[in-house]
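Student: Generate a structure from the sequence data that follows.
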Amino acid sequence: METTQVTEYYLKMRFGEAVQVEYIDMSEPNNQEEFSELLTVVEDRDLPYPLLAINGHLKAAGSAHYYRVLPLVEEALEPEGALQET
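Tutor: As a prediction, this is how the structure comes out:
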């Protein structure tokens, strides 16, 4: 199993349908067209693949390992203001 598949498996086990994992192969010409702005950022910043976006926002580059992705997903799923003290 590839890293992205393992990560997807464990995220689905932990969060069920609350998360959606989508793998997009940036070597595909259609994806290069659709994500041309992102590719410009990747080239300008010399970012390594894979890229990780959560809710459409680039959050990490270089790893899709479960333990790297998990805290970012947990943060995205937290209700707004959940960590604020009253």
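Student: For the rest of this, base every contact and every neighbour count on C-alpha atoms.
Tutor: Will do.
Student: how near is the nearest residue to Val21 once chain neighbours are set aside to Leu51?
Tutor: In space, and not counting its chain neighbours, Val21 is closest to Glu8: 5.9 Å by CA to CA, 6 or more residues apart in numbering. Counting by CA to CA, to the nearest Å, the separation of Glu8 from Leu51 is 14 Å.
Student: neighbour-wise, which of these two wins?
Tutor: Glu8 (21 against 18; other CA atoms under 10 Å).
Student: What are the contacting residues of the helix or strand hosting that one?
Tutor: Using DSSP states H and E, Glu8 sits in helix 3-15. Residues outside helix 3-15 that contact it (CA atoms under 8 Å, 6 or more residues apart in numbering): Val19, Val21, Tyr23, Ala64, His65, Tyr66, Val69, Leu70.
Student: can we see that at 6 Å?
Tutor: The contact list for helix 3-15 (CA atoms under 6 Å, 6 or more residues apart in numbering) reads Val21, Ala64, Tyr66.
Student: Distance check, the residue nearest to Val21 against Glu22.
Tutor: Counting by CA to CA - Glu8 and Glu22 are separated by 9 Å.
Student: And for the residue nearest to Val42 when sequence neighbours are not counted, the neighbour number?
Tutor: Nearest residue to Val42, sequence neighbours excluded (CA to CA, 6+ apart): Pro48, at 7.7 Å. Per other CA under 10 Å, the neighbour tally for Pro48 reads 12.
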